[in-house]
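Any chance you could fold what I've pasted below:
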Amino acid sequence: MRDINPIYLRAGASEVRQVGQELGREVVKVARGIQPKPVTKGTLQVNEERIRFRSRWNIEKLKSLQAVPNYHQWLSTGRPIGYPSDELETHLTTVLINDQVALLTMPGEPYVDYQTSLRARLPGFDTILAGYSNGYFGYIPTIRAAARDGVVYGGNAWPTILEVGTGERMIDRGIINLYRMLGKLGSAAPKIRSNTRIEVQ
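Residues are numbered from 1 along each chain as shown. Have a look, this model is predicted:
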C-alpha cells in the first residue's frame, strides 16, 4: 500500500530491530488464535477482465512543457521510460475462495484506504487487496487524496498515471463481481464472461 510509513522514517539498526520484534510478537499472537475449519467441498472462482482508463494528465501539454517522464513505467509488461498513452488498459482480477475469502488486484500502488473500504463493504468476508498485480500503472490514490495531498505520497503528482477515480471504480467492479459469483444480484444480471468456478474435493 502506497500511503503507509513505518513508525520511524529515519530508522537505525535498533529501531529496525524493535519494529521487527513488535511485528513478530503480533504474528505469533494471531497465529495462536487461528482456528482452522475443515472444508468438505472447497470452491475457487476467478474472474479476469480488462478495464480502460484515461491518462490523468494532458500528455501533449506535458510534452510541450518538456516534463521529464522518468517515473512513467506504465506498460503492463516491462517498465519503459516514456510518456503513457492517452488511454490505458488495465487488468482486474477478482478471486473468491470457498465463498469466504475475497481477493481483488490492482495494477499499481493503491492507497491503504482501498483495503479499508473493501473490508468495510464486504462484512463477513476475509478480504485481501493485492497491489502490484497484472502490471504497473503508478500510484493509485483515492479521490480525496488526489484532491488533498499535493505531492505527498504522490497523490497529486507526476507518478499518478491513471485518471482520478480509477481505484474507486476498480473496488466497485470487484465487489460487483464477488456478489455475482455468489448469485446475489438476481438472475437477470448479465453473467461474468470469463468467470471460472472450480470445485475442490
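
ranges for the helices of this structure?
Taking DSSP state H, the helices of the chain run over residues 13-33, 59-64, 112-121, 143-148, 166-181.

Now tabulate these in TSV and tack on mean neighbour count and mean pLDDT.
For the C-beta atoms, the positions are set from N, CA and C on the backbone; glycine is no exception. Below are the helices of the chain laid out as TSV (neighbours: other CB atoms under 10 Å; pLDDT from 0 to 100):
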stretch	mean neighbour count	mean pLDDT
helix 13-33	10	91
helix 59-64	12	74
helix 112-121	17	95
helix 143-148	16	87
helix 166-181	20	95
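
List just the one of the ones you listed that sits closest to Ile97.
helix 166-181 (10.6 Å; CB to CB).

Just the residues contacting that closest one, thanks.
45, 47, 49, 51, 53, 90, 92, 94, 96, 99, 102, 104, 106, 110-111, 114, 117-118, 121-122, 125, 140-143, 185, 189, 191-192, 195, 197 (CB atoms under 8 Å, 6 or more residues apart in numbering).

Just the buried subset of the residues you listed, please.
Buried residues within these, counting neighbours by 16 or more other CB atoms under 10 Å: 45, 47, 49, 53, 90, 92, 94, 96, 102, 104, 106, 110-111, 114, 117-118, 122, 125, 140-142, 192, 195.

Against which helices or strands is the biggest strand by length in the chain packed?
In the chain, taking DSSP state E as the definition, the longest strand is strand 42-54. Here strand 42-54 touches strand 87-97, helix 166-181, strand 196-200, going by 3 or more CB pairs under 8 Å, 6 or more residues apart in numbering; DSSP states H and E.

Repeat the analysis, applying 10 Å as the threshold.
Of the remaining helices and strands, those touching strand 42-54 by 3 or more CB pairs under 10 Å, 6 or more residues apart in numbering; DSSP states H and E are strand 87-97, strand 101-105, helix 166-181, strand 196-200.

Need phi/psi at Lys41.
Phi and psi for Lys41, reported as degrees, to the nearest 10, are phi -150, psi 90.

same thing with Phe137?
Dihedral angles (degrees, to the nearest 10) for Phe137: phi -130, psi 40.

how many neighbours does it have?
Using other CB atoms under 10 Å, Phe137 has 27 other residues around it.

who are the neighbours in contact with the residue lying closest to it once chain neighbours are set aside?
Closest residue to Phe137 apart from its sequence neighbours, by CB to CB, 6 or more residues apart in numbering: Gly108 at 4.3 Å. By CB atoms under 10 Å, 6 or more residues apart in numbering, Gly108 lies in contact with 2, 73-74, 90, 131-141, 159-162, 166-167, 170.
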